[in-house]
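*Asks:* what's the 3D shape of this:
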Amino acid sequence: MLVFDCHCDTLSRIKHHDELNKNGFHWDIERAGRYGAYIQVMASFADDDFRNNPASVMSAQLEKALAFEMEHPDRLKLIRSASDLHKAEKGGVFGILGAEGAELFRGRIDELERWYRKGLRIVTLCWNYDNEVCDSVAGRRTHGGLSRFGKKFLERMQELGMVIDLSHASDETFEDVTSFVRMPVVASHSNCRALCSHPRNLTDLQIRRIAEKDGVIGINFYACFLNDSGKAEISDILRHIEHIAGLVGTRYIGLGCDFDGASPMPEGITGAESLSKLFEALARANYTEQDIRMIAGGNFLRVFARILR
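*Replies:* All right, here's what the predicted structure looks like:
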């Protein structure tokens, strides 16, 4: 079975690129390889300690993945095209480079194009701060949603064949983007606001909007996004899956675990090695084998295959 996790922050945790192979964090290639076929979106982001120069921090993180691929092509292949996605289905560990925040591009379309040439294929438009492209749900509503530059930015993303990610976006940004773009959008690591009131989660209307665009929502394992108490179990992950399935069906559900970017995790989840527990829980909850395969990876595979060139 293919596993496709649309968000992890491991690149921000490791100090040297060789740690991608094996480390003491949530995700590494050795553990991912146990599943046979595994695609991991590898996000770059600059947290609160590095806001004075986020682009440099994010660039250095992405270079770790590029260096590992160059030195160990037998261990990790970065996906750059739809044909690469089809190769990943046959087995092995594959990565997709992502930016969690458009700060990486310094407000310049040519920087977006440069990173596309280097292999970046998904952009989470913002993290916890407003930027040149749009407003964050945790920001100050600088633009009132998507900026004028943001429209040009999204047009170029669509022309290049890059995935637009709306996790962390303000409600106004979400509405502006889904009204503006032609292709599917994803929320790579977001849950249901109806079940957990954190503003980072999606409203039922937003969930339906992503489904209308034929996108996918990656279920986030962060306990504070699963349960208002801040404590969670695997059953809480299932509650969010069931809520989305009840609204729009299982076609629009995937994994966005937020490994190495969120703590605490639900009880019983220690990292990538624990995903089998979720799949077993889905089976016990009478999800069909096909549903489990699509949630585990098939749904995100469909969307990325449609968008990537």
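*Asks:* tell me if I'm right that Cys257 and Phe4 touch.
*Replies:* No. Contact criterion CB atoms under 8 Å: Cys257 and Phe4 do not qualify, at 10.8 Å. Bear in mind the C-beta positions are built from the backbone N, C-alpha and C, glycine included.
*Asks:* for the spatially closest residue to Ala88 that is not a sequence neighbour, what are its contacts?
*Replies:* Once flanking residues are discounted, Ala88 sits nearest to Phe94: 4.2 Å by CB to CB, 6 or more residues apart in numbering. Neighbour list for Phe94: 38-40, 76-79, 84, 87-88 [criterion: CB atoms under 8 Å, 6 or more residues apart in numbering].
*Asks:* now do 10 Å
*Replies:* 2, 4, 32, 37-40, 69, 76-79, 84-85, 87-88 (CB atoms under 10 Å, 6 or more residues apart in numbering).
*Asks:* and those residues, which two are furthest apart?
*Replies:* Greatest spacing in the contacts of Phe94, by CB to CB: Leu2 and Glu69 (19.6 Å).
*Asks:* please enumerate the strands of the stretch 1-150 of the chain.
*Replies:* Taking DSSP state E, counting those that start in this stretch to define them, one finds strands in the stretch 1-150 of the chain at 2-8, 37-44, 77-78, 92-100, 120-124.
*Asks:* for Gly230, find the nearest of those strands.
*Replies:* Taking CB to CB, strand 2-8 is the member of those nearest to Gly230, at 19.9 Å.
*Asks:* only C-alpha atoms, please: export the closest one in CSV.
*Replies:* This file holds the C-alpha atoms of strand 2-8, laid out as CSV (Å, rounded to 0.1, in the frame of the first residue of the first chain):
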residue,chain,number,x,y,z
LEU,A,2,1.2,3.5,-0.9
VAL,A,3,1.5,6.0,2.0
PHE,A,4,1.5,9.7,1.0
ASP,A,5,1.9,12.1,3.9
CYS,A,6,1.5,15.7,2.7
HIS,A,7,3.4,17.4,5.6
CYS,A,8,6.4,16.9,7.8
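*Asks:* now do that strand against strand 120-124, angle only.
*Replies:* 60 degrees (axes from the mean of the first three to the mean of the last three CA atoms, to 10 degrees).
*Asks:* taking strand 92-100 as reference, get the angle to strand 2-8.
*Replies:* Using the same axes, to 10 degrees: strand 2-8 against strand 92-100 is 30 degrees.
*Asks:* and of the contacts of Phe94, the nearest to Leu247?
*Replies:* Phe4 (21.5 Å).
*Asks:* didn't that closest one look like it was pressed against Ile253?
*Replies:* No. Phe4 is not in contact with Ile253 according to CB atoms under 10 Å; the separation is 11.8 Å.
*Asks:* packing partners for the longest helix along the chain?
*Replies:* The residue-count maximum for a helix in the chain (DSSP state H) belongs to helix 54-71. For helix 54-71, the packing partners by 3 or more CB pairs under 10 Å, 6 or more residues apart in numbering; DSSP states H and E come out as helix 10-13, strand 37-44, strand 77-78, strand 92-100, helix 109-118.
*Asks:* run through who's touching the first one.
*Replies:* Applying CB under 10 Å, 6+ apart, the contact partners of helix 10-13 are 17, 19-20, 23-29, 40, 42-47, 50, 57-58, 60-65, 68, 95, 97-98, 100, 259-261, 271-272.
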